[in-house]
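Enquirer: Quick one, fold the following:
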Amino acid sequence: MKVEQIYTGCLAQGAYYIESNGEAAIIDPLRETKPYIEKATENNVQIKYIFETHFHADFVSGHIDLAKKTGARIIYGPNAETEYEKHLAEDGEEFQLGKLTIRVLHTPGHTPESTTYLLLDENGKEQAIFTGDTLFIGDVGRPDLAQKQGHLTKEDLAGWLYDSLRNKIMPLPDDVIVYPAHGAGSACGKSMSKETWSTLGLQKETNYALRADMTKDEFIKEVTDGLMAPPQYFSENAKMNKMGYESIDVVMQRGAQALSPREFEATANETGALILDVRDKTEFVKGFIPNSIFIGLDGSFAPWVGALIPDLMQPVLIVAPEGREEETVKRLARIGCDNAIGYLKGGFEAWKTDGRETDAIETIDVKKFEEIYNSDNNIHILDVRKPDEWSGEHIADSQNFPLDFINRHMSEVSTDISYYMHCRSGYRSTVAASILKSRGFEKLVNIHGIFDDIGASSIPTTDYVCPSTLK
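Expert: Residues are numbered from 1 along each chain as shown. Model (predicted):
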């Protein structure tokens, strides 16, 4: 028996490879099929099953392409209606994989079709559960992401989740290993651990949602409290996973067109394509193609693309470090941004060498900002971190302008005002500055540096005080 977690940090996502006696199964694969096929080929095994825990909202699964290329059967649990061929399993149904058995445990709550897969060894002993978004390490899946079905509310789904956990998962032996679909950094839960696996016994001791004395009403309240609005691309990804999508091979080929600076500019003008610059933030601020948007590959790239680009099928032209163009197209495809139509051959250096117009963003470090602040503390400051980060500690009189929802709050800023922008390290503020720049905001100064350095400086900071507590 072989069980391997294939974890992708950018998406905080875990896919799984299970192998026994010449047969393999893949659970919740990413969009690209090559890694799974190569792994099976290297081990001289046949991929027999592709198990999907639910209709994922935060990435496009590779189940359809992988099934076409390997002949493997796509398996979903109850209530999963699709427009492509699959096996709709019944609760308790079992599948043989070599000497192993995989049992279906229908665990609705995160979504109506959510299913956990229980792995039993050749002696019938429970070894592991692959919980998808039903049970995370330290958390459970949020109940507000399912595609709308009838009059179901998030409270209804939270109630189902309570029953699923207590009737299907918690009765299992404490030594069963818990393998979830996500870890810390995913928007599919609220407070997931950085650990990517655990034992069920440890989760019963430490996971708030598995408290033995918790009532259903208490569970519903805790699970639904404090949920931020989901990223805008989640509904589109769930739809693609349910309805089907274009082959990853076609997407990759379309995005692999190398364009000279002249061809790149002409294509941008002809198609109205978004120019996406994925270089390091320190390189981007020094020079970029006018009106391009920065989302760096070395941050949480794909989730930010999904959260910030309103139309995932908008044509996209890529400016990437040389050698990372294919990686960029692949990572865009993971969240359904399928219309990359080429990249700048030779990267930004080729654009400069060709003598074409460039732009830049004024950028300073924390020390310089401290000097400016102390000489003029009436400046306007945009803090683009999440509301809970801002609430924890922020510069006094700063304006919280979360990058996550920048497209919804453009009316809160003015092109006539000069803004100093910061986040925790400079990545998100660079993204935000590039978006504002592309929309006519010219009076911007970006701050690169660690927020802890701001807290340790002479710049006054404060935490949030709820208005109801003010005297």
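Enquirer: How is this structure partitioned into domains?
Expert: 2-237, 246-353, 362-469 (automatic domain parsing).
Enquirer: residue boundaries of the strands in the stretch 301-450 of the chain?
Expert: 316-319, 340-344, 362-365, 380-383, 394-395, 399-400, 419-422, 444-448 (DSSP state E, counting those that start in this stretch).
Enquirer: Only the C-alpha atoms, please, for the third one, written as PDB.
Expert: Right, the one you point to is strand 362-365. Extracted in PDB, the C-alpha atoms of strand 362-365 (Å, rounded to 0.1, in the frame of the first residue of the first chain):
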ATOM      1  CA  GLU A 362       7.300  55.100  -6.600                       C
ATOM      2  CA  THR A 363       8.300  52.800  -3.800                       C
ATOM      3  CA  ILE A 364      10.000  53.500  -0.400                       C
ATOM      4  CA  ASP A 365      11.000  51.400   2.600                       C
END
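Enquirer: for it, which positions count as buried?
Expert: By neighbour count with 16 or more other CB atoms under 10 Å, strand 362-365 contains the buried residues 363, 364. Where C-beta positions appear, they are placed from N, C-alpha and C, glycine not excepted.
Enquirer: quick one: average pLDDT of that strand?
Expert: For strand 362-365, the mean pLDDT works out to 96.
Enquirer: now do the second one
Expert: The pLDDT scores in strand 340-344 average 98.
Enquirer: Quick one: residues in contact with it.
Expert: 251, 254-259, 261, 263-264, 267, 271, 273, 315-320, 325, 328-329, 332, 350-351 (CB atoms under 8 Å, 6 or more residues apart in numbering).
Enquirer: rerun that using 6 Å as the cut-off
Expert: Contacts to strand 340-344, defined as CB atoms under 6 Å, 6 or more residues apart in numbering, come from residues 255, 257, 259, 264, 315-320, 325, 329, 332.
Enquirer: With stretch 7-14 instead?
Expert: 5, 59, 181, 182, 183, 185, 186, 196, 301, 302.
Enquirer: Apply 8 Å and report the result again.
Expert: 5-6, 15, 28, 30, 58-59, 179-186, 192, 196, 300-303, 331, 334-335.
Enquirer: Identify the residue spatially nearest to residue 21, adjacent ones excluded.
Expert: Computed as CB to CB, 6 or more residues apart in numbering, the closest residue to residue 21 that is not its neighbour in sequence is residue 98, at 3.0 Å.
Enquirer: Distance-wise, check the one you found relative to residue 46.
Expert: 10 Å (CB to CB, to the nearest Å).
Enquirer: Overlap of the contact sets of these two?
Expert: 22, 23.
Enquirer: Show me what counts as buried in stretch 411-428.
Expert: Neighbour-count burial for stretch 411-428 [16+ other CB under 10 Å]: 413, 419, 420, 421, 422, 423, 424, 425, 426, 427, 428.
Enquirer: doesn't residue 444 make contact with the fourth one?
Expert: So that's residue 421. Yes: using CB atoms under 8 Å, residue 421 is in contact with residue 444, at 6.3 Å.
Enquirer: Quick check on the contacts of stretch 7-14: which are buried?
Expert: Those of the contacts of stretch 7-14 that meet the buried threshold are 6, 15, 28, 30, 58-59, 179-184, 186, 192, 196, 300-303, 331, 334-335, by 16+ other CB under 10 Å.
Enquirer: Mind listing residues that contact stretch 445-462?
Expert: In contact with stretch 445-462 (CB under 8 Å, 6+ apart) are residues 281-282, 285, 361-367, 369-370, 373-374, 385, 393-396, 418-426, 429-430, 433.
Enquirer: Show the end-to-end separation of that stretch, please.
Expert: In stretch 445-462, first residue to last residue: 22 Å (CA to CA, to the nearest Å).
Enquirer: so how far is that stretch off the chain centroid?
Expert: 27 Å (CA atoms, centre = their mean, to the nearest Å).
Enquirer: likewise stretch 279-286?
Expert: 23 Å.
Enquirer: Over to stretch 360-370?
Expert: 29 Å.
Enquirer: again, but for stretch 46-61
Expert: Centroid separation between stretch 46-61 and its chain, computed with CA atoms, centre = their mean, is 16 Å.
Enquirer: okay but residue 463 is in contact with residue 392, surely?
Expert: Yes: using CB under 8 Å, residue 463 is in contact with residue 392, at 6.2 Å.
Enquirer: Show me which of those two is the more surrounded one.
Expert: residue 392 (13 against 9; other CB atoms under 10 Å).
Enquirer: List the contacts of residue 35.
Expert: Residue 35 neighbours (CB under 8 Å, 6+ apart): residue 6.
Enquirer: just for the protein, where's the confidence low?
Expert: 147-150, 464-471 (pLDDT under 70).
Enquirer: Export stretch 431-444 to CSV, keeping only CA atoms.
Expert: Extracted as CSV, the C-alpha positions of stretch 431-444 are listed here (Å, rounded to 0.1, in the frame of the first residue of the first chain):
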residue,chain,number,x,y,z
VAL,A,431,-0.9,44.4,-6.7
ALA,A,432,-3.2,47.1,-5.4
ALA,A,433,-1.0,50.0,-6.7
SER,A,434,-0.8,48.4,-10.2
ILE,A,435,-4.6,48.1,-10.3
LEU,A,436,-5.1,51.7,-9.2
LYS,A,437,-2.4,52.9,-11.7
SER,A,438,-4.2,51.1,-14.6
ARG,A,439,-7.4,53.0,-13.6
GLY,A,440,-5.8,56.5,-13.7
PHE,A,441,-4.5,56.9,-10.1
GLU,A,442,-1.1,58.5,-10.4
LYS,A,443,-0.5,59.9,-6.9
LEU,A,444,0.6,56.7,-5.3
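Enquirer: Quickly note the distance from the closest residue to residue 332 other than its chain neighbours to residue 251.
Expert: Nearest residue to residue 332 in three dimensions, chain neighbours excluded: residue 340, at 5.6 Å (CB to CB, 6+ apart). Separation of residue 340 from residue 251 (CB to CB): 7 Å.
Enquirer: Look up the residues that both of the two are in contact with.
Expert: With contacts taken as CB under 8 Å, 6+ apart, the residues that reach both residue 340 and residue 251 are residue 329.
Enquirer: and residue 446, bridged to which residues?
Expert: Residue 446 has these beta-bridge partners by DSSP bridges: residue 363, residue 421.
Enquirer: Determine the number of other residues adjacent to residue 74.
Expert: For residue 74, using other CB under 10 Å, the count is 20.
Enquirer: If you could redo that for residue 18, that was the one I meant.
Expert: As a burial measure, residue 18 scores 25 neighbours (other CB under 10 Å).
Enquirer: Please give the element, helix or strand, for it.
Expert: Element membership for residue 18, per DSSP states H and E: strand 13-20.
Enquirer: in that strand, what counts as buried?
Expert: Burial within strand 13-20, assessed by neighbour count using 16+ other CB under 10 Å, is assigned to 13, 14, 15, 16, 17, 18, 19, 20.
Enquirer: what helices or strands is the helix or strand hosting residue 65 leaning on?
Expert: Taking DSSP H and E as the criterion, residue 65 maps to helix 63-70. Applying 3 or more CB pairs under 8 Å, 6 or more residues apart in numbering; DSSP states H and E, one finds that helix 63-70 contacts helix 34-42, strand 46-51, strand 73-76.
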